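Asker: Predicted model, plus sequence, below.
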Amino acid sequence: MPVLERANSVALPDYVIEWNGKPLKRIDTALEKAAKRAGVRCTAHILKHSAISYMAEQGFTVGQIAEFTETTSEVVERVYMKVNPKGLIAISEGMNKLIPSSSVNDSPIIDTTSSNLGQ
C-alpha cells in the first residue's frame, strides 16, 4: 500500500506500532485493552468506520478512501457513502428533479435548503 510505504520510509522505529521496542501482535486486542483501561468503548472497527465516514464528509473520493483504508470501493459506497450529508443532498436534489412538485404549493418534495443538511 503506497501510504504505508511512504510512512515506513520516514519512520523512526522498526514497527508501525510497538510496545517496549517489540511489534504488537494484535492491534485490535491492544486497542480494546487500552480503551477498557480508559473507560471508553473503542474497537479497530469503530475507528475504521469513523475514519471512512469523516473522509467521505470531507469530500474524498471513493477511490481515495478505498485505497487509504484498504476497503473495496463497493463497500465504501454501500456502507459509508450513504451517511455523507453532501451525498444525501445530491440524492435529494436529484429526486426533486424526477418527482413532480406537490400540486398543493409547488414546493419540492424534499427540502434541501434546510440549515441542518450538510453540517
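Answerer: Happy to help now that I have it.

Asker: residue contacts, the residue nearest to Ala66 when sequence neighbours are not counted?
Answerer: Leaving aside its chain neighbours, Ala66 sits nearest to Ser73 (4.5 Å; criterion: Cβ to Cβ, 6 or more residues apart in numbering). Glycine gets a C-beta too; all of them are placed from N, C-alpha and C. Applying Cβ atoms under 8 Å, 6 or more residues apart in numbering, we find Ser73 in contact with 62-63, 66.

Asker: Return the distance of Ser73 relative to Arg41.
Answerer: Distance, Ser73 to Arg41, by Cβ to Cβ, to the nearest Å: 29 Å.

Asker: same check, this time on Phe60
Answerer: From Phe60 across to Arg41, the span is 26 Å (Cβ to Cβ).

Asker: and these two? which has more neighbours close in?
Answerer: The neighbour comparison of Phe60 against Arg41 (other Cβ atoms under 10 Å) goes to Phe60, with 17 against 9.

Asker: Not counting sequence-adjacent ones, nearest residue to that one?
Answerer: Using Cβ to Cβ, 6+ apart, the nearest residue to Phe60 is Phe68, at 7.8 Å.
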